[in-house]
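Peer 1: structure for this input, please:
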Amino acid sequence: MLDISIIIVSYNTADILRECLTSLYRTAGATFEVFVVDNASPDGSADIVGKEFPQVQLIRSPVNGGYAYANNLALKEIGIADAQTDAAGPKRSRYVLLLNPDTVLTVDALSGMVAFMDDNPDIGISGPKLLRADGSLDLACRRSFPTPKIALYRMLGLSALFPKSPRFARYNLTYLDPDETTEVDSVVGAFMMLRWEALGSAGLLDESFFMYGEDLDLALRIKALGWKVVYYPKVTVLHYKGESSRTHKPRAVFEFYRSMLIFYRKHYSSTTPRPLGWLIVSAICVRGLSVYLWNLAGYRLLLARTNRT
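Peer 2: Residues are numbered from 1 along each chain as shown. Reported below is the predicted structural model:
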């Protein structure tokens, strides 16, 4: 049996996907298989994978159905099923890794994560320390769930104003030592290691999320089943954050705030007092619209400058 089934979703990421796969096949100490799901990329990403990495199991989606949709194509292939309707198939590997194409792994990244999970059988999900290209911490690699209170602190900017406050900075946990192994609510889907049994019980990703939020939703469902989620900084992975959504940034902004609404309505709206719920939804919509319009204007300006040159 393999140690890991690795799933990478790609959309217009030819160059960084090549670097990611190259780093994967340089790792040591863990056995694995790799699935690349191409979300109907127009840049030839799928052809590059097929030509340069024939050992990869390539799935060509006919449409760009989003991150959850694409991951589910591969999850179904390896035997993970919808927990609401089906049972998981025969166990194919001990762990499943959801990995972004804009990551670069060290030689011992996979073996380090596998050893950590092997030593802690109560952990259902783990994630490493993700570093940006400039050496800074990718804050999304350890998070709390965006409960109404935590979401409101974030939307009002209090988490940015008071990054060392255990009260206001709970979403990204910026008051904690980034080199400390910590039980958290969620790690990020850019590198999310899942125990087969935990994922098999929770089932597929929720495809109502197009992009963003589906990793939080999956972590919440797995934690609800009694599994732990742990941030493990002794393994470090490079993350060129945002590269996979750079070419369609206004759409990415829209989907980010739409995912916040989906998550809130799915998990918290029924238990949130109505006035607070109105405030949260209004804050998400107002902030989302303003950020979307700002990015749309900048994106159009960039296109205009590119066309002139």
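Peer 1: give the contact list for the residue nearest the centre of the chain.
Peer 2: By CA atoms, centre = their mean, the chain has its centre lying nearest to residue 189, at 1.8 Å. Going by CB atoms under 8 Å, 6 or more residues apart in numbering, residue 189 touches 67, 98, 100, 214-215, 218. The C-beta positions use only the backbone N, C-alpha and C, and glycine is treated the same way.
Peer 1: ok, of these, which one's closest to residue 156?
Peer 2: Using CB to CB, residue 215 comes nearest to residue 156 of the contacts of residue 189, at 24.0 Å.
Peer 1: show the pLDDT at the closest one.
Peer 2: On pLDDT, residue 215 comes in at 97.
Peer 1: try residue 306
Peer 2: According to the model, residue 306 scores 53 on pLDDT.
Peer 1: the residue nearest to the centre of the chain falls within a strand, correct?
Peer 2: No: counting by DSSP: H, G, I helix; E, B strand; the rest coil, residue 189 falls outside a strand, being coil.
Peer 1: hmm, back to that, okay, the contacts of residue 189 in CSV with secondary structure, neighbour count and distance to residue 30 next?
Peer 2: Listed next are these as CSV, based on DSSP: H, G, I helix; E, B strand; the rest coil; neighbours: other CB atoms under 10 Å; distance: CB to CB, whole Å:
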residue, secondary structure, neighbour count, distance to residue 30
67, helix, 28, 24
98, strand, 27, 16
100, coil, 25, 18
214, helix, 26, 25
215, helix, 24, 22
218, helix, 28, 22
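Peer 1: what's the farthest-apart pair in those?
Peer 2: Going by CB to CB, the pair spanning the contacts of residue 189 furthest: 100 and 218, at 14.9 Å.
Peer 1: so for whichever strand in the chain runs longest, what's the average pLDDT?
Peer 2: Criterion DSSP state E: the longest strand present in the chain is strand 228-239. Across strand 228-239, pLDDT averages out at 98.
Peer 1: partner strands of it and their direction?
Peer 2: strand 103-104 (antiparallel), strand 123-131 (parallel), strand 182-183 (antiparallel) (DSSP bridges).
Peer 1: so which bits of the following helix or strand past it are buried?
Peer 2: Later in the chain than strand 228-239, the nearest helix or strand by DSSP states H and E is helix 249-267. Under the neighbour-count criterion of 16 or more other CB atoms under 10 Å, helix 249-267 has 249-264, 267 buried.
Peer 1: comparing the strands paired with strand 228-239, which comes out most buried?
Peer 2: Counting by mean count of other CB atoms under 10 Å, strand 123-131 has the highest mean neighbour count of these, with a mean of 24.
Peer 1: give me the element residue 70 is part of.
Peer 2: Following DSSP H and E, one finds residue 70 within helix 67-78.
Peer 1: would you agree residue 202 is in contact with residue 83?
Peer 2: Yes: in this structure, residue 202 is within contact of residue 83 by CB atoms under 8 Å, at 5.9 Å.
Peer 1: look at those two and report which has more neighbours.
Peer 2: Taking other CB atoms under 10 Å, residue 202 and residue 83 do not tie; residue 202 has more neighbours (24 against 16).
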